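Novice: sequence and predicted model, in that order:
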Amino acid sequence: MRLTPSRRLYGLGAIILVALVTCSRSGVGTQSFLVGLAIAGIAYLLAVREFFRTRRFPRQVVFTCLALAALWRIPFLMVQPGSDDDIRRYLWDGRVQRLGYNPYSVIPADPALARLHTPETRGLNHPEVPSPYPAGAQLFFRAVTAIHESIFAFKIAFVVCDFAIVLLLVDMLRRSGQGEHWVLAYAWHPLLATNVAGSGHVDILGVLLLLVSAAALGRRWRMIAAIVFGMAVAVKFLPIVLTPLYWRRLRVRDGWLAALIFAALYVPFLEYGRIPIGSLSTYVQSFRFNDPVFATLERVASPQMVAGLAVLVGLVTAGWLRSKPPACCPDNDKWAWPMAASLAFAPVVYPWYLLWLLPFLRSTSTLPLMVWTVSILPTYIVWHLRSLGHTWQLPGWVLLLEYGSVAITAAIMSLRRMAHAGVQAPDDEPFVRRH
C-alpha cells in the first residue's frame, strides 16, 4: 500500500523523535549522540523533500507535527548543559551586572572575584577573558537573571523565543500564501533541539528579533523594522550584513533611530567614554573552529583584514540580491544568503551559528544552505575528541563532508538549471517563417 504524504511525514517525525531523544540521553559528541543526530538530520532532509513535493498539507497534520517538535525538545530542556557551555557565561554576565560589575572588564578567573561565582557559573568557558557578547545580549542576560538566576531560566527563555518564531512564521506563511507546512522546515530542524532547548544559545533571541524586523519590513512598518533590526545586531553582529536590504525601504530618520537605539544599549557599559568590546578582539585574533576559508586567507592577510572581508562579502551579497526582482529571487533568499556568505568566511563557524538561517530556508535556491545546516552536524565530533585528549581541531574528513556536501548540492542544482535552460532554449528562439 502506497503511503500518503501525510503518513510519510508522520513516519519521518517519529524517526526524528526517537533519534533526538537518544541524543538527549547521550553526552555531546559521543558515538550515540552523533549517530542519533545524523539519523535526525537525514530524516529532516527527507521531510524537506516532502515539503517541496506537496503543495499543502492539512492544517491538522501541521499542528500534529508541531506537537511532535515540542515533544522532542522536552528531554533536552531537562538535561544539564556541559561544564563549559556558553550558557554558563550568560549566567555569569547577568549575575555580575546585577552585582554592579561590568562584564566587559571583569575576568571570571580573577581570584578576587571567586566569591561572585555560583556552582552553575564555575567551569564557564574561557574564564581568562571578559565577555565578548554585544550590549543587547548583555541586557537580556541581566533581565533573565533578574527573574531567576539559573541555567534553567535561560533555557526556558530561549525556548520561548523558539516558540515565538514558530508563531510568527505561521502568520508570515499565511499572509504570503505559502503552505503552512513550511513552518516545519524551521521547527523540525535538529539544531533547535540541541542548541536551544539543550545547550542554550543566545543566537535564538537574535533570530527572533531579525524575523520580527523582516516581517515588519514586509508590512511597511518601517520604524518598527528599523528599531528591531538594531536590537538584533546588538544581540550578535552577524545580521549587520543585511543592511543593504533596508536601503530605500526605510526613511532616513528610521535608520538614524536604529543607530541611536543600538548606541543607547551600550550606554550602561561605558567606562571613561570608551566603547566596550570585551574580548571581541581576542575572538577575532585567536578563536578558530570550522574555518577552512578563513584559515586559507589568514596565510596572506591579518585576522582583522580577513574578518573585515567576511563582513564585506555579506554586504556585497545582500546588495546584489537587493537589486534582484522577487520573481527571480524570493525574499527569504535575500535574508539567508548574505549571512551564509559572511559565515563561510568567518574565523569560527559553530553549528548554532546557522540558527540564523533557519527561518529563511524554504525555496529550492536555498537547498545548499539546507544541506549545510545538516552537514555541519558531524562537527560535534570535536567535543568527543577533546574528551579523549586530542586538540581542538576538526579532522579533515569532517570538513570535506561538511563543505563537500554543500558544493555537490550546488553543482547538481546548477547542472539541472543548465539542462532545463537547454531544453527551453528552442522555444525562446524567434520564429522564422519557412517558404
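Specialist: Received the coordinates, thanks.

Novice: and D331, how many neighbours?
Specialist: Residue neighbour count, defined by other Cβ atoms under 10 Å, stands at 17 for D331. Where C-beta positions appear, they are placed from N, C-alpha and C, glycine not excepted.

Novice: and for W335?
Specialist: W335 sits with 26 neighbouring residues when counted by other Cβ under 10 Å.

Novice: the one helix or strand it maps to - contacts with which helices or strands?
Specialist: Here W335, judged by DSSP states H and E, is contained in helix 331-344. Helices and strands touching helix 331-344, by 3 or more Cβ pairs under 8 Å, 6 or more residues apart in numbering; DSSP states H and E, are helix 203-218, helix 303-322, helix 367-375.

Novice: 6 Å instead?
Specialist: Under the contact definition 3 or more Cβ pairs under 6 Å, 6 or more residues apart in numbering; DSSP states H and E, helix 331-344 sits against helix 303-322.

Novice: related to what we said a few turns ago, tilt between the helix holding W335 and helix 367-375?
Specialist: With axes from the mean of the first three to the mean of the last three Cα atoms, to 10 degrees defining the directions, helix 331-344 sits at 50 degrees from helix 367-375.

Novice: send the alpha carbons of helix 331-344 over as PDB?
Specialist: What follows is helix 331-344, C-alpha atoms only, in PDB (Å, rounded to 0.1, in the frame of the first residue of the first chain):
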ATOM      1  CA  ASP A 331      12.600  37.500  -0.300                       C
ATOM      2  CA  ASN A 332      13.600  34.700   2.100                       C
ATOM      3  CA  ASP A 333      16.700  34.000  -0.100                       C
ATOM      4  CA  LYS A 334      17.700  37.700   0.300                       C
ATOM      5  CA  TRP A 335      17.900  37.200   4.100                       C
ATOM      6  CA  ALA A 336      19.600  33.800   4.100                       C
ATOM      7  CA  TRP A 337      22.400  34.100   1.600                       C
ATOM      8  CA  PRO A 338      24.200  37.200   2.800                       C
ATOM      9  CA  MET A 339      24.500  35.800   6.300                       C
ATOM     10  CA  ALA A 340      25.600  32.400   5.000                       C
ATOM     11  CA  ALA A 341      28.200  34.100   2.700                       C
ATOM     12  CA  SER A 342      29.600  36.000   5.700                       C
ATOM     13  CA  LEU A 343      29.700  32.900   7.900                       C
ATOM     14  CA  ALA A 344      31.600  31.000   5.200                       C
END
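
Novice: could you work out the end-to-end span of stretch 126-144 for me?
Specialist: The straight-line separation of the ends of stretch 126-144 (Cα to Cα, to the nearest Å) is 22 Å.

Novice: may I see the buried residues of it?
Specialist: Buried positions in stretch 126-144, judged by neighbour count with 16 or more other Cβ atoms under 10 Å: 126-127, 129-142, 144.

Novice: what's in contact with that stretch?
Specialist: For stretch 126-144, the surrounding residues in contact (Cβ atoms under 6 Å, 6 or more residues apart in numbering) are 90, 93-94, 97, 103-105, 107-109, 153-154, 157, 202, 205, 231, 234-235, 265-266, 269, 278-280, 282-283.

Novice: what's the ChimeraX syntax to select whichever of the residues you listed are buried?
Specialist: To isolate the buried ones among those in ChimeraX, judged by 16+ other Cβ under 10 Å, type:
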select :90,93,94,97,103,104,108,153,154,157,202,205,231,234,235,265,266,269,278,279,280,283
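
Novice: ok, residues contacting stretch 34-41?
Specialist: Stretch 34-41 is contacted from outside by I16, A19, L20, T22, C23, P190, V374, L377, using Cβ under 6 Å, 6+ apart.

Novice: show me how far it is from its chain's centre.
Specialist: Its chain's C-alpha centre and that of stretch 34-41 lie 19 Å apart, by Cα atoms, centre = their mean, to the nearest Å.

Novice: now do the helix or strand of the chain with the lowest mean pLDDT against helix 367-375, angle only.
Specialist: Scoring the helices and strands of the chain by mean pLDDT, DSSP states H and E places helix 396-428 at the bottom, with a mean of 84. On the basis of the same axes, to 10 degrees, helix 396-428 is oriented at 160 degrees to helix 367-375.

Novice: buried set for helix 396-428?
Specialist: Using 16+ other Cβ under 10 Å as the test for burial, helix 396-428 gives V398, L399, E402, Y403, S405, V406, T409.

Novice: which neighbouring elements make contact with that helix?
Specialist: For helix 396-428, the elements it packs on are helix 367-375, judged by 3+ Cβ pairs under 6 Å, 6+ apart.

Novice: which residues touch the helix it packs on?
Specialist: Taking Cβ under 6 Å, 6+ apart as the rule, helix 367-375 contacts 41, 45, 48, 336, 340, 354, 357, 361, 402, 405-406, 409-410.

Novice: ok, 7 Å please
Specialist: Residues outside helix 367-375 that contact it (Cβ atoms under 7 Å, 6 or more residues apart in numbering): 41, 44-45, 48, 189, 191, 336, 340, 354, 357-358, 361, 401-402, 405-406, 409-410, 413.

Novice: spatially nearest residue to W383 (excluding sequence neighbours)?
Specialist: G29 (3.2 Å; Cβ to Cβ, 6 or more residues apart in numbering).

Novice: what's near enough to touch that neighbour?
Specialist: Y380, I381, W383, H384, S387.

Novice: that one and L265, how far apart?
Specialist: G29 is 35 Å from L265, where distance means Cβ to Cβ, to the nearest Å.

Novice: and the most centrally placed residue in the chain, how far is that from L192?
Specialist: In the chain, the residue lying closest to the centroid (Cα atoms, centre = their mean) is L355, at 1.8 Å. Note on L355: its distance to L192, by Cβ to Cβ, is 7 Å.
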